[in-house]
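1. Requesting a structural model of the entry that follows:
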Amino acid sequence: MALCVVVVLSICLLCFCGVQAISKQSDHTNLNEPNLISVLPSTQDDDFDCVDIYKQPALSHPLLKNHKIQFATINTTKSTTFHGAQATIAINGPPVSSDQYSMAQVWVQSGPLNVIQAGWAVDGFKSTGCYNAQCPGFVQVHPIYRPGQPFQNISIPRGTQYVFDVVITQEPINGNWWLVERNNLSIGYWPKELFNHLGDGAEVVRYGGTTSASKTGLSPQMGTGSLPNRDYRTGVGYFIQNKIMGSDFVMNDILLTEMVKNVDTSTACYDLGYYGFVASDVRETFSYGGPGGSCGT
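-> Predicted coordinates for the structure are as follows:
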């Protein structure tokens, strides 16, 4: 099993693999609550292969010809152009078999194939597709941190919470899309020329989790394997400090009135609960996930 941060470009997947390295203590200082620690990848190399979401080995199985990737997400509904998104995502490590994966990520998308995603993934495939930052198109700029580096820690229910700050943002002048850590630490970018739709901005932004079932039809856990709970510290997968960059290139909190919940399987398998503005240090918050199992297709 490998846990990674995935970055998807059209038909390519790039990965920050693993869970590793404490970066800083947040301003979350209430001693009655679990510590909230934001992390960055370590400098250790730990690459593994990734594959386009609909070109994985499991989906080539005859019985899975019409299989759908299962989503539990919140999606934008506003008809406008988006130029970025950010979230702080709890790092979890749900178990997966060799032909499953379980992810948590932020999407920006225009058209059917112009997609950039960033988040973490537990991926059991490891054998096909391109190799992390060696996938064509992504321009690495940071001398230390890059797709493919592991983290070390995962969140502990009712204990220390390890989170990863993800920012995807488009430059207003040249249109390049950047992967940035919340404290303006630039990892790299995708040139505008790579896209035939995203070059002028995104039509849709999504936040949440996805999974892929095994050949037996069983779906893995999503998040921590627990269904959503308003108290995000109790052992559920969660996103906090969720923001979106609109046509004015200003990053603002997402608004419940401009988002729609999308769960395309039984809510006994996966679900998502959006709880709005919870507190000044976590802001717009939702939890997601579930035990998986025989969820259907």
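
2. Can you pull out the low-pLDDT segments for the stretch 1-150 of the chain?
-> 1-34, 36, 38-69, 124-136, 147-150 (pLDDT under 70).

3. hmm, try it at 80
-> Low-confidence segments of the stretch 1-150 of the chain (pLDDT under 80): 1-70, 98, 112-113, 123-138, 142-150.

4. Run through the residues that contact the residue lying closest to Lys78 once chain neighbours are set aside.
-> With Cβ to Cβ, 6 or more residues apart in numbering as the criterion, Lys78 has its nearest non-adjacent residue at 4.7 Å, and that residue is Glu258. Glycine gets a C-beta too; all of them are placed from N, C-alpha and C. When contacts are counted by Cβ atoms under 8 Å, 6 or more residues apart in numbering, Glu258 touches Thr76, Thr77, Lys78.

5. of these, closest to Tyr232?
-> Set against Tyr232, the nearest of the contacts of Glu258 by Cβ to Cβ is Thr76 (21.6 Å).

6. Not counting sequence-adjacent ones, nearest residue to the closest one?
-> According to Cβ to Cβ, 6+ apart, the nearest residue to Thr76 is Val205 (4.8 Å).

7. Can you tell me the element that neighbour falls in?
-> Assigned by DSSP states H and E, Val205 belongs to strand 204-212.

8. Given whatever helix or strand comes next after that strand, what are its sheet partners and their directions?
-> Using DSSP H and E, the helix or strand that follows strand 204-212 towards the C-terminus is strand 237-245. Its sheet considered, strand 237-245 pairs with strand 84-90 (antiparallel), strand 251-253 (antiparallel), strand 284-289 (antiparallel) by DSSP bridges.

9. Tell me what angle the one helix or strand Lys261 maps to forms with strand 204-212.
-> Using DSSP H and E, Lys261 falls within strand 259-263. Per axes from the mean of the first three to the mean of the last three Cα atoms, to 10 degrees, the angle that strand 259-263 makes with strand 204-212 is 20 degrees.

10. Downstream of strand 259-263, the next helix or strand is which one?
-> strand 271-277.

11. any residues touching that next one, and which ones?
-> 72-74, 208-209, 227-230, 232, 253, 256, 259, 261, 263, 283-290.

12. switch the cut-off to 6 Å
-> Outside strand 271-277, the residues that touch it by Cβ atoms under 6 Å, 6 or more residues apart in numbering are 72, 74, 208, 227-228, 230, 256, 261, 263, 283-288, 290.

13. ditto for stretch 103-112
-> Here stretch 103-112 makes contact (Cβ under 6 Å, 6+ apart) with 85, 87, 89, 115-121, 166, 168, 197-198, 202-207, 209-210.

14. Tell me what the nearest residue to Val108 once chain neighbours are set aside is bridged to.
-> Spatial nearest neighbour of Val108, excluding adjacent residues (Cβ to Cβ, 6+ apart): Ala202 at 4.0 Å. With DSSP bridges as the criterion, Ala202 is bridged to Phe82.

15. Roughly how far does the nearest residue to Thr285 once chain neighbours are set aside sit from Val122?
-> Leaving aside its sequence neighbours, Thr285 sits nearest to Val278 (Cβ to Cβ, 6+ apart; 4.5 Å). Applying Cβ to Cβ, to the nearest Å, the value for Val278 to Val122 is 26 Å.

16. First-to-last residue distance for stretch 159-179?
-> Start-to-end span of stretch 159-179 (Cα to Cα, to the nearest Å) is 29 Å.

17. And it, how far out from the chain middle?
-> 11 Å (Cα atoms, centre = their mean, to the nearest Å).

18. buried stuff in it?
-> For stretch 159-179, the neighbour count (16 or more other Cβ atoms under 10 Å) marks 161-170, 175-179 as buried.

19. Of those residues, which belong to strands?
-> Those of these mapping onto strands are 161-170, 177-179, per DSSP state E.

20. what's the most distant pair in those?
-> That would be Gln161 and Gln170, which, of those, are the farthest apart (Cβ to Cβ) at 29.6 Å.

21. coming back round to it: now the angle between strand 161-170 and the strand holding Val205, please.
-> 130 degrees.

22. Compute the distance between the most centrally placed residue in the chain and Leu185, please.
-> Nearest to the geometric centre of the chain sits Gln105, at 1.2 Å (Cα atoms, centre = their mean). When distance is defined by Cβ to Cβ, Gln105 is 19 Å away from Leu185.
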